[in-house]
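Asks: This is the structure alone, sequence omitted:
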């Protein structure tokens, strides 16, 4: 046996380690790191960039020694992360504006008023009372709403459209500010909705980084799915493919 891992009193061979990775479905994580290593291999960095990356990561890991990380290990991690970010930027940063406009309608945020009830008769009555100005949306939400919006006078948001129920997101996306929508069935609820405000998404630095990461993650999922792997031992082989 060729021992590669000592775990307490147990010594594991390379074959046993790989078998455990497969059995516990950790192989995709290992494949991901291998794919990253291959992708960032051609990426070049300057000594200045590396020093800055190492210093920044060291600040994040003030207790690195307590976590069992040496300075050398921390520096290797920092440079790898630096190369990964440069790889992402080089690969997807150039045409990010087009991707942003493709995703913008989902990234726009909205503030809206909501009353959700389970009875159609009550929903219709509330709708007409709001429409006629008999009582405010907030008053009726406090009194009748059966969801968490009852605690906020019916006000919800700001929240991204993509995080909402598809039917609600569609309803709000075609509404104008202060437009009151009649009772609509969404899931198990009848909802009365009024769009209060639209907050258009803007390509600031955090959103830009988020979109780059989105594209990287999509690429990574495709790469992992395309990898076939096989564990070969002297015993019967354990093989499989990532899903």
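Replies: Looks like it arrived, so ask away. The structure displayed is predicted, hence computed values, not measured ones.
Asks: Share the number of residues neighbouring the nearest residue to residue 80 once chain neighbours are set aside, please.
Replies: Sequence neighbours aside, residue 40 is the residue nearest to residue 80 in space, at 7.0 Å (criterion: CB to CB, 6 or more residues apart in numbering). Every residue, glycine included, has its C-beta placed from N, CA and C. Residues lying near residue 40 (other CB atoms under 10 Å) number 19.
Asks: Which strands or helices does the longest strand that the chain contains pack on?
Replies: Longest strand in the chain, counting residues (DSSP state E): strand 189-199. Under the contact criterion of 3 or more CB pairs under 8 Å, 6 or more residues apart in numbering; DSSP states H and E, strand 189-199 touches strand 109-117, helix 120-131, strand 155-160, helix 166-173, strand 180-186.
Asks: after that strand comes which helix or strand?
Replies: Per DSSP states H and E, the first helix or strand lying C-terminal to strand 189-199 is helix 205-226.
Asks: List the buried residues of that next one.
Replies: For helix 205-226, burial by neighbour count (16 or more other CB atoms under 10 Å) applies to 211, 212, 215, 216, 220, 223, 224.
Asks: Dump those to JSON lines, plus pLDDT and distance to residue 150.
Replies: Shown next, in JSON lines, are the buried residues of helix 205-226 (pLDDT from 0 to 100; distance: CB to CB, whole Å):
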{"residue": "211", "pLDDT": "95", "distance to residue 150": "35"}
{"residue": "212", "pLDDT": "95", "distance to residue 150": "39"}
{"residue": "215", "pLDDT": "95", "distance to residue 150": "40"}
{"residue": "216", "pLDDT": "95", "distance to residue 150": "41"}
{"residue": "220", "pLDDT": "92", "distance to residue 150": "42"}
{"residue": "223", "pLDDT": "88", "distance to residue 150": "46"}
{"residue": "224", "pLDDT": "85", "distance to residue 150": "44"}
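Asks: Domain map for this structure?
Replies: The record's domain parsing of the chain by automatic domain parsing lists 3-94+206-241, 109-199.
Asks: Any regions of the chain where pLDDT drops low?
Replies: 1-3, 62-68, 228-243 (pLDDT under 70).
Asks: In space, not sequence, find me the middle residue of it.
Replies: Nearest residue to the geometric centre of the chain (CA atoms, centre = their mean): residue 214, 7.8 Å.
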